[in-house]
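K.L.:
Using only what follows, build the 3D model:
(one chain, ligands or ions: 1)
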Amino acid sequence: MLNDAIAETHEQRSDLPGKVEMQMTDYAQFWKPYAGAVSLTFDDGLACQLQKAIPVMDGAGVRGTFYLSPRGRDWEQRLKPWAEVARSGHELGNHSMSHTCSANFTGGAGGLESKTVEEIEADVLAAQNRLAQLAPHQEDWTFAYPCYQTDVGRGASRQSYVPVVARHFVAGRGGGEYGFANCPDAVDLACVWAIAVERMSGFEMIGLVEELTAQGRWVVLAFHELDGARLTVGSHEFKMLIGYLRRRSDAIWTAPLGEVARKIAHFQATEPQRLSG
Ligand SMILES: [Zn+2]
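P.N.:
Prediction:
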């Protein structure tokens, strides 16, 4: 009985590598000449990103996506450095005007639970109006859900606002599960999975990227602070990751979220059967 159970487990396990290998082969065809792709994304337009992430990335020729909330009367003045970042080849993204997340963070009212889909849409489009002035050359825009949260309302009347993002953006960056990344044939571009990298070592980020791109996946990493107090990654760890991406640039495609999304959108619209056939 026990032997049977063990044999069965082995049988199931020996079944797995074959399946994974088949997918790898197919996805390799899609990414050619690369094995997979990585997008580095940064939320909230933080000064530490300007000071510590961008110079390292520019030195290595690695471009990323920076999600901004252009709220307040001084938005133009405050976000001026980001116009230069966009001109130098990085991508800017929409992080909504009000950065509304769940009321459960702070208690009280006024969170996503009390918003409507229409209110969120107006907020996101108001932000887009300003961001388009900041980077007028940028054609395609992506959105990052504040706090990775994609719903408004609560309980029985809770609703997704992913359709709003699908209508107005090339892609939306949501949250995800640790150790998993996006399949080019299956990912919903309006809610792309991302891995939050706070507290990770350089070794850990490199390991995730190496393993998941070897599986032909699109790895999206979500950063907030560098050397900061919360949701933070050390700048030494970040430099390790960027050095690795530069060394592996022949095999791993590092590109802003919108660029990778555009390639996948084209593929999903024209050849959806190619990978499964
Ligand atoms: Zn945010």
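
K.L.:
rest of the way, CA atoms for contacts and neighbours
P.N.:
Will do.

K.L.:
any idea where the helices of the stretch 1-150 of the chain begin and end?
P.N.:
In the stretch 1-150 of the chain, the helices defined using DSSP state H, counting those that start in this stretch lie at 2-31, 47-48, 54-60, 75-78, 80-87, 117-134.

K.L.:
List the contacts of the fourth one.
P.N.:
Around helix 75-78, the neighbours that count as contacts under Cα atoms under 8 Å, 6 or more residues apart in numbering are 70, 134.

K.L.:
buried residues in that helix?
P.N.:
residue 76 (16 or more other Cα atoms under 10 Å).

K.L.:
okay, residue 114: pLDDT?
P.N.:
pLDDT, residue 114: 97.

K.L.:
Equivalent analysis for residue 38, please.
P.N.:
98.

K.L.:
what do you get for the one 10 residues further on?
P.N.:
Note for residue 48: predicted pLDDT of 98.

K.L.:
which residue packs closest to it, ignoring adjacent ones?
P.N.:
residue 226 (6.0 Å; Cα to Cα, 6 or more residues apart in numbering).

K.L.:
and the one you found, how many neighbours does it have?
P.N.:
23 (other Cα atoms under 10 Å).

K.L.:
show me what contacts it?
P.N.:
48-49, 52-53, 232-235.

K.L.:
distance of residue 104 from residue 246?
P.N.:
Counting by Cα to Cα, to the nearest Å, the gap from residue 104 to residue 246 is 40 Å.

K.L.:
Rounded mean pLDDT for stretch 225-241, please.
P.N.:
On average, stretch 225-241 scores 97.

K.L.:
does any part of that stretch sit near the ion?
P.N.:
No: judged by Cα under 5 Å from the ion, stretch 225-241 makes no contact with the ion; its nearest approach is 10.5 Å.

K.L.:
Give the buried residues for that stretch.
P.N.:
Under the neighbour-count rule (16+ other Cα under 10 Å), stretch 225-241 has 225-227, 232-235, 237-239, 241 buried.

K.L.:
for stretch 205-224, same thing?
P.N.:
205-206, 208-210, 212-224.

K.L.:
What residues does this protein have near the ion?
P.N.:
44, 146.

K.L.:
try it again with 8 Å
P.N.:
Residues of the chain lying near the ion by Cα under 8 Å from the ion: 43-44, 67, 95, 99, 144-147, 224.

K.L.:
In JSON lines, list the residues you listed along with distance to residue 200.
P.N.:
As requested, the residues of the chain next to the ion are exported to JSON lines (distance: Cα to Cα, whole Å):
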{"residue": "43", "distance to residue 200": "17"}
{"residue": "44", "distance to residue 200": "19"}
{"residue": "67", "distance to residue 200": "21"}
{"residue": "95", "distance to residue 200": "23"}
{"residue": "99", "distance to residue 200": "25"}
{"residue": "144", "distance to residue 200": "21"}
{"residue": "145", "distance to residue 200": "22"}
{"residue": "146", "distance to residue 200": "21"}
{"residue": "147", "distance to residue 200": "18"}
{"residue": "224", "distance to residue 200": "12"}
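
K.L.:
Among those residues, name the ones in strands.
P.N.:
Applying DSSP state E to the residues of the chain next to the ion, the entries found in strands are 43, 67, 144.

K.L.:
between the helices of the stretch 1-150 of the chain, which gets the lowest average pLDDT?
P.N.:
helix 2-31 (a mean of 54).

K.L.:
Pairing partners for the residue nearest to residue 48 in the sheet, please.
P.N.:
Taking DSSP bridges as the rule, residue 226 bridges to residue 233.

K.L.:
and the gap between it and residue 167?
P.N.:
Relative to residue 167, and taking Cα to Cα, residue 226 is found at 33 Å.

K.L.:
how close does the residue in the stretch 51-200 of the chain that the ion sits nearest to get to residue 114?
P.N.:
Of the residues in the stretch 51-200 of the chain, the one nearest the ion is residue 146, at a distance of 4.5 Å by Cα to the ion. Residue 146 sits 15 Å away from residue 114, going by Cα to Cα.

K.L.:
Perfect, I'm done here.
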